[in-house]
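Asks: 3D model of this:
(4 chains)
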Protein chains: 2
Amino acid sequence: MTQQIELESPRAVTLADIAREAGTSASTASRALSGRGYVSPEARDRLLAAAERLGYVPNASARTLKQRRSRVIGVVVSDLANQFYARLAAGVEQVLREADYQMMVLGDNTEDGEEVEGARTFLAMRAPGVIMTPAGSEATELLVSQGVAVVEVDRRLANVPCDAVVIDNERGAREATAHLIELGHRRVALLGVDTKWTTDAGRLRGYESALEEAGLRADDRLIVRIPRHAPDAEARIDAMLRAEQPTAIFATNNRLAEQAWRVLRQRGLRLPHDVSLVGFDDVPWMSMVEPGITAVEQPIHELGRQAAALLLRRLEQPELAPSVVRLEPRLVVRGSSGAR
Amino acid sequence: MTQQIELESPRAVTLADIAREAGTSASTASRALSGRGYVSPEARDRLLAAAERLGYVPNASARTLKQRRSRVIGVVVSDLANQFYARLAAGVEQVLREADYQMMVLGDNTEDGEEVEGARTFLAMRAPGVIMTPAGSEATELLVSQGVAVVEVDRRLANVPCDAVVIDNERGAREATAHLIELGHRRVALLGVDTKWTTDAGRLRGYESALEEAGLRADDRLIVRIPRHAPDAEARIDAMLRAEQPTAIFATNNRLAEQAWRVLRQRGLRLPHDVSLVGFDDVPWMSMVEPGITAVEQPIHELGRQAAALLLRRLEQPELAPSVVRLEPRLVVRGSSGAR
DNA sequence: GAGCGAGATGCAATCGTTGCCACATCGGAC
DNA sequence: GTCCGATGTGGCAACGATTGCATCTCGCTC
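Replies: Numbers count the residues shown, from 1 in each chain, chains lettered A, B, ... in the order given. You can find the predicted model right below:
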């Protein structure tokens, strides 16, 4: 209870301290603790004991400075509060941790400049690699030009060669749309994001190709592209519903699905009786609401794990040709999609 | 298209490089870029231009090594994939970013040792401060003993004095329980976590005191304490429901609420007709299911923001007495709680 | 015209770790 | 008895930014 708290933070224990304690030089201490180079068993034991006794914690900055690269992997996601990105980050962390790397997350690259800012931060820290869900190509290019390994995940935007892990968006969207068409729907609205991301493009393509296969024409008025963070997203969805009277909606991400769902509820429209709804990206609430929401399930955790694994592989073999891993989504049919 | 990619990563630009470029010494370059000390306007301009031209990125490790502290704040949360922690981290990041600090998240301190491991990582990086939702007291104590500022958030576990930001759990739980009692419930079950965390203790206390105020006795058989990550959580809840036939359930976190909800649905029990349900921590699905779940809403984002703000304050004024900020929760009544 | 302080700059040391190099020792091979 | 390779160890110079101190030049004051 009368525990004495040191107000002056004691200067941290250094290699020199434990070397002195064990009666060796700092070089030998370094070798003993890092396991590189020759050290006699006796010296090693003494040094390890001394390190333990003094509570030695190696100074990461000094090591990074000397070795010119750290063990911190940068991770940039668009929005940590969105379950998609949070689960992705969790997957990445698992694998990195096993390989004894640290993960440094920047959780919000919504504003364009921030992403480049983040890249600069990772350069400053001499991170050997960065994993990101890119918002633009600039950051990736900067990093790659400085010799940092980059893995793009979920979408691809870079104009320079780099590894990537993505979902087969086109196929997922095609299956979702085909499912609605099979149920008899002919007026299927698409809610998309107004970006140049490959996710959106792929999902749009899948939608269009499903229509085409069924001999239907895509109708531009049924396609709503909403900017990220648009405050009037729900109003736009509502307006389209009123104007176009689609019999089904395909929402291409979990946010849009939620917004569409809220609009439908507010309007008193019944799922699937009045309108059918299919989402892309299955999140927990979709299996909890009544009826459940039919959705394209993505292996998000695996997406993160693979991205980390790919990055680690590249760090070991920098000369490898860039590879793109494509993971398959899966349509989960629930009650929100019904026959017309 | 024929873009040449440098395979040998060019050694990064250093202060010495831009000093040479501008015809000054490295010292002057340092002063110009950091804004500390005298530099003539002309020299400054030349140096800034040179830095810009060469794409200078300061080496964070060198700076940290020399200054003996970094600008990285460690953040440790229990489970990034849980919306509670993800939103907390998002709040923290916002404030840190404004103050030009980096956030380093460790997203999973479920296993006891990992937390201490994380603390060691932050020590190695010479992080000036750490924010965490502690799982044990060891990590905090280690950090504090080494002069690192620590803010505990959501719960308090340390045996050493440190700042904290918490929710008034007792009050939230009391209100939730009182609400059920007012509706006529006499057999209110409590689903808690089997830990020594102050969150659980506070919520349990609130529950008990509400019962007491109403002249009721807490019945141990109605109190289920489930270990974190117990695989049989739903089975236990189910067993208690069958054995004790409570008329209402108070689930003290969002996971337990979800699990209870699933059990009720599976059993075909109707909310609130057969059983009432109130949760602690309002997450999106609770307002989406039908009926909506009555829940104690916590200002999570604010919790994160305050924790970061408190940490920043302490970094500026290390001598300040530790303070504990208590934020107020709010009961949101929805359809899942009804009259007995 | 001596003295002083503000303005501006560079030198050199330092932060803690690593790794190259030189040196020492010893057993064994020729 | 050399010579050699395998072991072990310590010295020393980096890595790149910062900073206390010394230095130097002005412009002023008295």
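
Asks: Tell me where the stretch 101-250 of chain A has helices.
Replies: Per DSSP state H, counting those that start in this stretch, the stretch 101-250 of chain A carries helices over the ranges A:112-124, A:138-145, A:169-182, A:198-213, A:233-244.

Asks: Which one of those helices lies nearest to DNA strand C?
Replies: DNA strand C sits nearest to helix A:112-124 of all the helices of the stretch 101-250 of chain A, at 15.8 Å, using CB to the nearest atom of the strand. Heads up, the C-betas are built off the backbone N, CA and C, glycines and all.

Asks: What residues sit buried inside that closest one?
Replies: Burial within helix A:112-124, assessed by neighbour count using 16 or more other CB atoms under 10 Å in any protein chain shown, is assigned to A:E114, A:E115, A:V116, A:G118, A:A119, A:R120, A:T121, A:F122, A:L123, A:A124.

Asks: So what's the residue count around the closest residue to the last one other than its chain neighbours?
Replies: Looking back up the chat, that one is A:A124. For A:A124, ignoring the flanking residues on the chain, the nearest one in space by CB to CB, 6 or more residues apart in numbering or on different chains is B:A60 at 4.2 Å. By other CB atoms under 10 Å in any protein chain shown, 25 other residues sit near B:A60.

Asks: I'd like the helices of the stretch 101-250 of chain A as JSON lines, with distance to DNA strand C and mean pLDDT appended.
Replies: Converted to JSON lines, the helices of the stretch 101-250 of chain A look like this (distance: least, CB to the nearest atom of the strand, whole Å; pLDDT from 0 to 100):
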{"stretch": "helix A:112-124", "distance to DNA strand C": "16", "mean pLDDT": "89"}
{"stretch": "helix A:138-145", "distance to DNA strand C": "23", "mean pLDDT": "94"}
{"stretch": "helix A:169-182", "distance to DNA strand C": "43", "mean pLDDT": "98"}
{"stretch": "helix A:198-213", "distance to DNA strand C": "39", "mean pLDDT": "97"}
{"stretch": "helix A:233-244", "distance to DNA strand C": "51", "mean pLDDT": "97"}
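
Asks: of the ones you listed, which approaches A:N253 most closely?
Replies: Evaluated over the helices of the stretch 101-250 of chain A, closeness to A:N253 peaks at helix A:198-213, with 7.8 Å, by CB to CB.

Asks: which residues sit against that closest one?
Replies: Contact partners of helix A:198-213, identified using CB atoms under 8 Å, 6 or more residues apart in numbering or on different chains, comprise A:154-157, A:166-178, A:181, A:188, A:190, A:192-194, A:217-218, A:223, A:225, A:250, A:252-253, A:280.

Asks: and the stretch 51-200 of chain A, which residues reach DNA strand C?
Replies: Taking CB under 7 Å from any atom of the strand, the part of the stretch 51-200 of chain A that reaches DNA strand C is made up of A:Y56, A:P58, A:N59, A:A62, A:R63, A:L65, A:K66, A:Q67.

Asks: Those, buried ones only, as a ChimeraX selection?
Replies: One line in ChimeraX is enough to select the buried ones among these; burial here means 16+ other CB under 10 Å:
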select /A:56,58,59,62,63,65
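
Asks: returning to that earlier point: show the buried residues in the contacts of helix A:198-213.
Replies: For the contacts of helix A:198-213, burial is judged from neighbour counts taken by 16+ other CB under 10 Å, and it is met by A:154-157, A:166-178, A:181, A:188, A:190, A:192-193, A:223, A:250, A:252-253, A:280.

Asks: What are the neighbouring residues in contact with the residue nearest to A:A124?
Replies: With the criterion set at CB under 8 Å, 6+ apart, B:A60 makes contact with A:S61, A:T121, A:A124, A:M125, A:R126, B:S70, B:R71.

Asks: With A:W261 instead?
Replies: Remark: with contacts taken as CB under 8 Å, 6+ apart, A:W261 is in contact with A:L277, A:V289, A:I293, B:M288.

Asks: Compute the distance between it and A:I293, please.
Replies: Distance check for A:W261 against A:I293: by CB to CB, to the nearest Å, it reads 7 Å.

Asks: any shared contact partners between these two?
Replies: Taking CB under 8 Å, 6+ apart as the contact criterion, the common neighbours of A:W261 and A:I293 are A:L277.

Asks: Tell me how many other residues crowd the closest residue to chain B within the stretch 101-250 of chain A.
Replies: Nearest residue of the stretch 101-250 of chain A to chain B: A:G147, at 2.6 Å (CB to the nearest CB). When neighbours are counted by other CB under 10 Å, A:G147 registers 18.

Asks: swap in A:V278?
Replies: Burial measure for A:V278: 31 neighbouring residues, criterion other CB under 10 Å.

Asks: where does it land in three-state SS?
Replies: Here A:V278 takes the strand state, with states given by DSSP: H, G, I helix; E, B strand; the rest coil.

Asks: List the beta-bridge partners for it.
Replies: In this structure, A:V278 bridges to A:F250, A:T294 when assessed by DSSP bridges.

Asks: Return the distance of it relative to chain B.
Replies: Look at A:V278 and chain B: by CB to the nearest CB, to the nearest Å, they are 17 Å apart.

Asks: ok, that residue - contacts?
Replies: A:V278 touches A:176-177, A:179-180, A:248-251, A:293-296, A:336-337, counting by CB under 8 Å, 6+ apart.

Asks: Who are the contact partners of the most centrally placed residue in chain A?
Replies: Among the residues of chain A, the one closest to the centroid is A:L88, at 4.4 Å (CA atoms, centre = their mean). The contact partners of A:L88, by CB under 8 Å, 6+ apart, come to A:V77, A:T133, A:V153, A:D154, A:I300, A:H301, A:L303, A:G304, A:A307.

Asks: now do 7 Å
Replies: Under the criterion of CB atoms under 7 Å, 6 or more residues apart in numbering or on different chains, the contact partners of A:L88 comprise A:V77, A:V153, A:I300, A:L303, A:G304.

Asks: Nearest to DNA strand D among those?
Replies: Within those, the smallest distance to DNA strand D is 28.1 Å, found for A:V77 (CB to the nearest atom of the strand).

Asks: Quick check: closest non-adjacent residue to the closest one.
Replies: Beyond its immediate neighbours in the sequence, the residue positioned closest to A:V77 (CB to CB, 6+ apart) is A:Y85, lying 4.0 Å away.

Asks: excluding its backbone neighbours, what's nearest A:R217?
Replies: For A:R217, the nearest residue in space outside its immediate sequence neighbours is A:L211; the separation is 6.8 Å by CB to CB, 6+ apart.

Asks: separation between the residue of the stretch 101-250 of chain A at minimum distance from DNA strand C and B:R53?
Replies: For the stretch 101-250 of chain A, the nearest residue to DNA strand C under the criterion CB to the nearest atom of the strand is A:R126, separated by 12.6 Å. In this structure, A:R126 and B:R53 are separated by 22 Å, where distance is defined by CB to CB.

Asks: For the two, indicate the residue with more neighbours.
Replies: For A:R126 and B:R53, the more surrounded residue by other CB under 10 Å is A:R126, and the numbers stand at 23 against 12.
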